[in-house]
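Q: I'll drop the sequence and a predicted model, then ask my questions.
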Amino acid sequence: MKIVLLPGDGIGPEVTEEARKTLEAVIPGLSFEEHAIGGIAIDTTGKPLPDATIHACKSADAVLLGAVGGPKWDDPNAKVRPEQGLLGLRRALDLFANLRPVKVFPALAELSPLRLERIEGVDILFVRELTSGIYFGEPRFRETNGGVTRAVDTLSYTDGEIRRVVQLAFRLSRGRRKRVTSVDKANVLESSRLWRSVANEVSKDFPDVALEHHLVDSCAMRLITHAKQFDVVVAENMFGDILTDEAAVLAGSIGLLPSASLGEGKNGVYEPIHGSAPDIAGKGLANPIGTILSAAMLARHSLGNEEAAVRIERAVERVITDGARTADLGGKLSTSQMASRVREAL
Ligand code: IPM
Ligand code: MG
């Protein structure tokens, strides 16, 4: 099995290194190959997603990514941006579904700004559409006419693009509490009205799964007030982007949360949902758990190794319960100390 490592920028290299060691500890004989993406790739090749990286990722069994971006490349008018590497990779591999599980560790519940009774037992799987919607719609441009500057982005979906991601959400809910919440803004947007009608159609094939529709604004509110009610939440690209950052607060630290980006095949891109955190980069302060749990998802979804995935997840739960804490969790452990604790627990 070949795994491509894309450490990227900021804390990316520190956390991917620890996740790689974790995978090696659980699954012997994996081969790893490192490639450039994001700002570092712009610096070395002029492109945020070099061809060599795309080719390597396409022929890999799975891709483990750290993070992209940083102040060095943060010119809003720049033609090339690190984020284009990430968006381009999702698109090149046709990874239309982004899975973001949000689970509250009981031992960390006090870190959440929300009251205990609001977050205890929260266990949500977000399924975010990842390769269409307003992130990729055409036309997109900026023009100036008669002293007025206008910028245009397009929010577009085909029924097929909606169907495949909603179907996946339903399939995944069957291994959980069999409840799908479809998020839209159907009271305003045409694309959302199509989204809702396709979700209704798909639900006919899953009579054992309950479907509810939520408007995105009220969903944002209910994530804070009634998070426990959600099982699987499926949303278009930008709604999912926003709601998953919001939901990360429930868990106490964004440093804990993993993600998997999947397409039709087995290959996928696995990455923590946190960013490159340039302020703490290179200091050994980053929490490696989000990336280590992403490695567990990699074992589950791309390598078909459920046992390895569960072992990693249990080891993480164990060290958290035993009080292992990085700085974001109010503790003193460094990135590598935290990861070593996980490997000891394994
Ligand atoms: C994410 C990030 C990316 C996104 C950015 C870095 C382009 O926020 O993975 O959620 O918006 O998809
Ligand atoms: Mg985001």
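A: Cool, the structure landed. Ligands and ions are numbered 1, 2, ... in the order given.

Q: can you tell me what sits against the host helix or strand of Asp153?
A: Taking DSSP states H and E as the definition, Asp153 sits inside strand 148-154. Residues from elsewhere that reach strand 148-154, judged by Cβ atoms under 8 Å, 6 or more residues apart in numbering: 134, 137-144. (Glycine included, C-beta is placed from N, CA and C.)

Q: quick check, nearest of these to ligand 1?
A: Each of the contacts of strand 148-154 was scored against ligand 1 by Cβ to the nearest ligand atom, and Ile134 proved nearest at 10.6 Å.

Q: contacting residues for the residue in the stretch 151-300 of the chain positioned nearest to ligand 1?
A: The stretch 151-300 of the chain approaches ligand 1 most closely through Asp241 (4.5 Å), counting by Cβ to the nearest ligand atom. When contacts are counted by Cβ under 8 Å, 6+ apart, Asp241 is found next to Arg128.

Q: before we move on, the earlier item: how far does the helix or strand just after the strand holding Asp153 sit from its chain's centre?
A: Scanning forward in sequence from strand 148-154, with DSSP H and E defining helices and strands, the next element found is helix 159-173. Centroid separation between helix 159-173 and its chain, computed with Cα atoms, centre = their mean, to the nearest Å, is 17 Å.

Q: where does Tyr270 sit: helix, strand or coil?
A: strand (DSSP: H, G, I helix; E, B strand; the rest coil).

Q: wait, it touches Ala299, no?
A: No. Under the contact definition of Cβ atoms under 8 Å, Tyr270 does not touch Ala299, with a separation of 9.3 Å.

Q: how many neighbours does the closest residue to Ser334 other than its chain neighbours have?
A: Across the structure, with Cβ to Cβ, 6 or more residues apart in numbering as the measure, the residue nearest Ser334 apart from its sequence neighbours is Gly284 (4.1 Å). The criterion is other Cβ atoms under 10 Å. On that basis, Gly284 has 16 neighbouring residues.

Q: same question for the one 4 residues further on.
A: Burial of Pro288 is recorded as 30 neighbouring residues (other Cβ under 10 Å).

Q: need the per-residue pLDDT for it.
A: At Pro288 the predicted local confidence, pLDDT, stands at 98.

Q: spit out the contact partners of Arg314.
A: Remark: with contacts taken as Cβ under 8 Å, 6+ apart, Arg314 is in contact with Ala345.

Q: does it sit in a helix or strand, and which one?
A: Assigned by DSSP H and E, Arg314 belongs to helix 306-321.

Q: off-centre distance for that helix?
A: Taking Cα atoms, centre = their mean, the mean C-alpha location of helix 306-321 is offset from the chain mean by 19 Å.

Q: show me which residues of it are buried.
A: Neighbour-count burial for helix 306-321, with 16 or more other Cβ atoms under 10 Å as criterion, is recorded at 308-309, 311-313, 315-317, 319-320.
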